[in-house]
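In: coordinates only, no sequence provided:
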């Protein structure tokens, strides 16, 4: 296992990303459109969205064991619930682990956008700030100096 001390630039990007995420939790995250039938409508703040995504994460096993109509959306939102815990694990000072977490986070972000599109939700400024914060934190894995030098050395041999 390769434990590497983060550079100053990586620390600044991580701190900026965490600050953006904290601000995003207080801002409106999504707008829920009601089709005139059942269900809530209105604007939900970022912390509520994070809570709901984490609840969907708990439902992931159920979507496989007892599939029903709508299980696909629950699965996609469950993948969204993986992002915040994976961000915590991506701070472990191991380049391989950080790169693995960052790759899964980017895939889960794609699932988030697909879930928003399928559910006819409208992302609001809080969601965009949250995504920007997440991308700032995981960007160090692709643009960080130690990882770039490791990757360059790996490609040579």
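Out: Noted; the coordinates are in hand. A quick note: this is a predicted structure, and the numbers were derived from the prediction, not measured. Numbers count the residues shown, from 1 in each chain.
In: residue ranges with poor pLDDT in this protein?
Out: Residue ranges of the chain with pLDDT under 70: 1-4, 6, 34-41, 142-157.
In: residue closest to the middle of it?
Out: residue 83 (3.4 Å; C-alpha atoms, centre = their mean).
In: okay, that one and residue 107: tell me how far apart.
Out: In this view, residue 83 and residue 107 are 10 Å apart by C-beta to C-beta, to the nearest Å. Yep, even glycine has a C-beta here, placed from its N, CA and C like the rest.
In: quick revisit: what's the residue nearest to the centre of the chain in contact with, if anything?
Out: Each residue near residue 83 by C-beta atoms under 8 Å, 6 or more residues apart in numbering is listed here: 53, 105, 108, 109, 112, 134.
In: just give me the closest of the residues you listed to residue 93.
Out: Using C-beta to C-beta, residue 105 comes nearest to residue 93 of the contacts of residue 83, at 17.1 Å.
In: the closest one touches residue 131, doesn't it?
Out: No. With contact defined as C-beta atoms under 8 Å, residue 105 does not count as touching residue 131 (10.6 Å).
In: more neighbours: those two, which one.
Out: residue 105 (21 against 18; other C-beta atoms under 10 Å).
In: surely that one is in a helix?
Out: Yes. The assignment for residue 105 by DSSP: H, G, I helix; E, B strand; the rest coil puts it in a helix.
In: look up phi and psi at the residue nearest to the centre of the chain.
Out: phi -60, psi -50 (degrees, to the nearest 10).
In: walking through this protein, point out its strands one by one.
Out: Counting by DSSP state E, the chain has strands at residues 28-32, 42-45, 122-123.
In: what sits against the closest residue to residue 112 other than its chain neighbours?
Out: When the adjacent residues along the chain are set aside, residue 112 lies closest to residue 80, with 4.4 Å between them (C-beta to C-beta, 6 or more residues apart in numbering). Counting by C-beta under 8 Å, 6+ apart, residue 80 makes contact with 53, 56, 108, 111, 112, 115.
In: which of the residues you listed has the most neighbours?
Out: So for those (other C-beta under 10 Å), the most neighbours sit at residue 112, 24 neighbours.
In: pretty sure it is touching residue 75, no?
Out: No. Using C-beta under 8 Å, residue 112 is not in contact with residue 75; the gap is 12.0 Å.
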